[in-house]
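Enquirer: no sequence on hand, only this structure:
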C-alpha cells in the first residue's frame, strides 16, 4: 500500500476538507483542540475561500474551514514551509474570518468565536518544547481574558512530536503520527485501525483510490515543496558563505590596521630608547625619563645594560 503525503495542501484538503470527511474532521479537532472530549458533535465543512468584501483587500485561501454546531468557525491550515510573513498571515486570516461573519446592518453581538488551527512542519516557538500552543487576547499583567476567546490561535508543531509507533497512546498521538508518517508506511498500523476515522483517512490517502489527475497534482506539489526547500537551503548557505567571507575580510582589514598601529608604536618605543641611551652619560635618570617618556625603571634597565 502506498499513501500520499497528508502534509501537502491537496492531500490535506482531500482527507480533512472533502464532503466525505466530516467524521474525520470532527475526530481530528476533538483530539487536538479538546483533549479528545466529544465537544464537537457536528459541523459543516464550508468553502475555505474568503472573498474580500472591500476593494483592495487580499483574497484568502484556507486549507479547511468548518462551522461548528455551536456557531464557532474553525479554520485549519497545514503549513510545510516557513515563509516570510507567515505569522502575520495566520492572524490576518483569523481576523478576516471573524469580521466577515457580519453584514452591514448586523449587530456585533452576533459575532461568534473563531479558532485558527495551524499545523506546521517546522519549529515556530523554539522558546518551549510544548507541542500544542494556544494564544488568545489577554490583559498583559493580570492575564485576564478579553472577550472570551473570540479569536484563538492554536499551533501544532509537528517536529516536536517524536513518539514512535509503539508509544502512541492517545487519539491525538495517532493523528499526529498519521500526518508525519503516513507517506512512509506500507500498511495501516494495527493500533491505528481501531480508530474508524483514522482508518478512513488512510483509505482517502491511499494512492489506489486517486485518479491519475489527482496523483499528478500530488506529485507536482511534492516537487514544488522540495524545490522551495532547496531554494531556502541555498539562500541560507549563500548567506552563511557571504557572512564568513565578510568576516574574513573584516578580520584581515582589522589585522592590517592593528599591525600598522603596533608597528608605529614599536618604532616610537625604539626611538625613545635610542635617545635615552645617548643621554645616559649626560643627564640623570629622572631628567632622561622626562625627556624621552620612558619610565625611570626603563632608564635604570638601560643603564644596567
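Expert: Right, received. Where do you want to start? Remember, predicted model here, so these are calculated numbers, not experimental data.
Enquirer: how about the helices in the stretch 1-150 of the chain?
Expert: According to DSSP state H, counting those that start in this stretch, the stretch 1-150 of the chain carries its helices in the segments 9-16, 22-33, 86-99.
Enquirer: mean confidence for the last one?
Expert: Confidence over helix 86-99, taken as the mean pLDDT, stands at 90.
Enquirer: any buried residues in it, and which?
Expert: 89-90, 93-94, 96-98 (16 or more other C-beta atoms under 10 Å). For the C-beta atoms, the positions are set from N, CA and C on the backbone; glycine is no exception.
Enquirer: residue 108 is in contact with residue 98, correct?
Expert: No - judged on C-beta atoms under 8 Å, residue 98 makes no contact with residue 108 at a distance of 10.8 Å.
Enquirer: domains for the protein, by residue range?
Expert: 9-210, 238-304 (automatic domain parsing).
Enquirer: please enumerate the helices of the stretch 151-300 of the chain.
Expert: Using DSSP H, counting those that start in this stretch, the helices of the stretch 151-300 of the chain run over 171-181, 190-193, 196-205, 212-279, 285-292, 296-304.
Enquirer: at the geometric centre of the protein, which residue sits there?
Expert: Per C-alpha atoms, centre = their mean, the C-alpha nearest to the average position across the chain is that of residue 124, at 3.1 Å.
Enquirer: quick check: the nearest residue to residue 67 once chain neighbours are set aside vs residue 290, distance?
Expert: The shortest distance from residue 67 to any non-neighbouring residue, by C-beta to C-beta, 6 or more residues apart in numbering, is to residue 44 (5.0 Å). Here residue 44 is placed at a distance of 96 Å from residue 290 (C-beta to C-beta, to the nearest Å).
Enquirer: cool, and residue 209?
Expert: On the measure of C-beta to C-beta, residue 209 and residue 290 end up 98 Å apart.
Enquirer: equivalent analysis for residue 96, please.
Expert: With C-beta to C-beta as the criterion, residue 96 and residue 290 are 80 Å apart.
Enquirer: which ones are touching residue 107?
Expert: Applying C-beta atoms under 8 Å, 6 or more residues apart in numbering to residue 107 gives no contacts.
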